[in-house]
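1. Structure, please.
(one chain, ligands or ions: 2)
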Amino acid sequence: MAESRANHTVSVSGWAAHDSSGKITPYSFKRRQNGVNDVTIKILYCGICHTDLHCAKNEWGITMYPVVPGHEIIGEVTKVGTNVKGFMEGDRVGVGCLAASCLECHHCKTDQENYCQDLQFVYNGIFWDGTITYGGYSQIFVADYRYVVHIPASLPMDAAAPLLCAGITVFSPLKEHDLVATAGKRIGVVGLGGLGHIAVKFGKAFGHHVTVISTSPSKEPEAKQRLGADHFILSSNPKQLQAARRSMDFILDTVSAEHSLLPILELLKVNGTLFLVGAPDKPLQLPAFPLIFGKRSVKGGIIGGIKETQEMLEVCAKYNITSDIELITPDKINEAMERLAKNDVRYRFVIDIANAVTSNNN
Ligand code: NAP
Ligand code: ZN
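-> Residues are numbered from 1 along each chain as shown. Ligands and ions are numbered 1, 2, ... in the order given. Model prediction:
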């Protein structure tokens, strides 16, 4: 599709990476004017997902620079197009990873736009008008209303931002495996980061026995005391792994880097499922024996649909689930990215975008 930026006249201040160093600097650009199906959002907060880091550094080899990352966007509606249904000026809203999809395929028609083959992301995607999308590390966002959700009144805007990606990405597989409505299963969460810590909170809220499988001994007390995990396995400890063999029904793997699946698969009961949401830049080896001897399955998934995202937010409001966050001003984005790369965040950085005016000079 030919690019059409003719109506891209709205000036926006944001932050972008320009090359694979991943360094983020202030960046001014234009967004489209609010169309008939659009809402314009004054962004208040945006979470820093590990995907932002993968993309800023071009770790997956698909980055189109300059890239304005950010897909955990929360703010207030400032403009509403004439065809928009369900949103008004002043509404507290969120935008996650999705900017566009075909709206016509089976997946779009059954509220699984996240599996549409023409799916486009809110950054590093190509919108219907052919332009490259820019994400939430910016002060204003323009979104088609069909990809916007309401933020329940009881949820704080800053700590709710990570729910738009991290939250839905772990909620969707739990729901698909009947782990939201049915309690009492034994589930594992590999990697206690942004996604992982919300998965633990969901697992406990839904009445499961939750085991964290982690590379970080320092996370054991927090996993148990603050997040409520029942059990903690240090993945470098063969004895702990051995003791938990064949004990889990379902394991969610949120790890962002290359790692071995063999010991994780051995933790599953016969017929158990390993669900991958982490997206390492290198392929993972899939050993056949633990699948064969345990009739186990491995699958993956990407975020969730928009309707499901709204449902997830209502569930979070019901159980009072938000992300544990470290709130930063935009001048600290690079520091935050470096700490995220070093696995040093508890458990999600969120950018206080509205506090940018005085700090947009890094
Ligand atoms: P994160 O906050 O950095 O958490 C990842 C966790 O993985 C870390 O906290 C760490 O937990 C563990 N880890 C890191 N390096 C490791 C290594 N070398 N070996 C084993 N474990 C390691 O990242 P996130 O934001 O949660 O994202 C996690 C992954 O999910 C990323 O790859 C991201 O791109 C992907 N993602 C996928 C989707 C989707 O739709 N499928 C959506 C969002 C994000 P411990 O310290 O406990 O070991
Ligand atoms: Zn994300």
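2. So what pairs up with residue 140 in the strands?
-> residue 42 (DSSP bridges).
3. Contacts only, for it.
-> 10, 12, 31, 40, 41, 42, 43, 78 (CB atoms under 8 Å, 6 or more residues apart in numbering). Yep, even glycine has a C-beta here, placed from its N, CA and C like the rest.
4. Buried ones only from the residues you listed, please, as a PyMOL command.
-> Of the contacts of residue 140, the buried ones can be selected in PyMOL as follows, counting by 16 or more other CB atoms under 10 Å:
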select buried, resi 12+31+40+41+43
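5. hang on, residue 228 packs against residue 206?
-> No - contact criterion CB atoms under 8 Å: residue 228 and residue 206 do not qualify, at 11.8 Å.
6. nearest to ligand 1, of the contacts of residue 140?
-> residue 43 (19.1 Å; CB to the nearest ligand atom).
7. State the distance from that closest one to residue 137.
-> As defined by CB to CB, to the nearest Å, residue 43 lies at a distance of 9 Å from residue 137.
8. Between residue 228 and residue 206, which has more neighbouring residues?
-> Between residue 228 and residue 206, residue 206 has the larger neighbour count (other CB atoms under 10 Å), namely 21 against 13.
9. Setting aside sequence neighbours, what's the nearest residue to the more buried one?
-> Excluding the flanking residues, the one nearest residue 206 by CB to CB, 6 or more residues apart in numbering is residue 180, at 5.6 Å.
10. what about the one you found, neighbour count?
-> Residue 180 is flanked by 18 other residues according to other CB under 10 Å.
11. Kindly report the same for residue 76.
-> 17.
12. could the contacts of residue 140 be laid out in a markdown table, adding distance to residue 314?
-> A markdown table is the format used below for these (distance: CB to CB, whole Å):
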| residue | distance to residue 314 |
| --- | --- |
| 10 | 32 |
| 12 | 31 |
| 31 | 29 |
| 40 | 25 |
| 41 | 20 |
| 42 | 24 |
| 43 | 22 |
| 78 | 24 |
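13. Quick check: of the contacts of residue 140, which lies closest to residue 253?
-> residue 43 (30.8 Å; CB to CB).
14. I'd assumed residue 90 was in a strand, is it?
-> No - Residue 90: not assigned to a strand; according to DSSP: H, G, I helix; E, B strand; the rest coil it is coil.
15. tell me which parts of the stretch 151-300 of the chain are close to ligand 2?
-> residue 165 (CB under 5 Å from the ion).
16. For the stretch 151-300 of the chain, give the residue positioned nearest to ligand 2.
-> The nearest approach of the stretch 151-300 of the chain to ligand 2 comes at residue 165, 3.2 Å away (CB to the ion).
17. Common neighbours of residue 43 and residue 137, please.
-> Joint contacts of residue 43 and residue 137 (CB under 8 Å, 6+ apart) are residue 353.
18. before we move on, the earlier item: what about the residue of the stretch 151-300 of the chain closest to ligand 2, how many neighbours?
-> So residue 165, with other CB under 10 Å, has 30 neighbours.
19. oh, and call the first residue 168 from now on, that's how I've got it
-> OK, 168 is where the count begins now, so the last one is residue 332.
20. Would you agree it is in contact with residue 263?
-> Yes - contact status for residue 332 versus residue 263: in contact at 5.3 Å, counting by CB under 8 Å.
21. what is in contact with these two at once?
-> What both residue 332 and residue 263 touch, as defined by CB under 8 Å, 6+ apart, is the set 238, 239, 470.
22. Give me the distance between the residue nearest to residue 373 and residue 367.
-> 15 Å.
23. and what of residue 423?
-> 17 Å.
24. Which residue of these two possesses the greater neighbour count?
-> Counted by other CB under 10 Å, residue 423 and residue 367 do not tie: residue 367 has more neighbours, with 26 against 22.
25. which residues does residue 192 bridge with?
-> Beta-bridge partners, per DSSP bridges, of residue 192: residue 183.
26. so where's this structure shaky on pLDDT?
-> 168-169, 524-529 (pLDDT under 70).
27. Helices of that one, start to end?
-> Counting by DSSP state H, the segments of the chain that form helices are 217-223, 273-276, 324-327, 333-343, 361-372, 387-388, 405-410, 429-433, 456-461, 473-486, 500-508.
28. which residues sit against the third one?
-> Just to be clear, that refers to helix 324-327. 211-212, 241-242, 259, 261, 318, 480, 483, 489-492, 494, 517, 519.
29. Looking at neighbours, which among those residues is most surrounded?
-> Tallying neighbours with other CB under 10 Å puts residue 241 at the head of the contacts of helix 324-327, with 30 neighbours.
30. how about that residue, what does it touch?
-> Residue 241 neighbours (CB under 8 Å, 6+ apart): 210-213, 259-261, 318, 324-325, 327-328, 331.
31. how is the protein carved up into domains?
-> 176-332+491-522, 333-467 (automatic domain parsing).
32. What parts of the chain come near ligand 1?
-> Listed as neighbours of ligand 1 in the chain under the rule CB under 6 Å from any ligand atom: 216-218, 221, 332-333, 336, 358-363, 381-383, 386, 421-424, 426, 444-446, 469-470, 507, 510.
33. Just the buried subset of these, written out for PyMOL, thanks.
-> A single PyMOL command selects the buried members of the residues of the chain next to ligand 1 (16+ other CB under 10 Å):
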select buried, resi 216+217+218+221+332+333+336+358+359+360+361+362+363+381+383+386+421+422+423+426+444+445+446+470+507+510
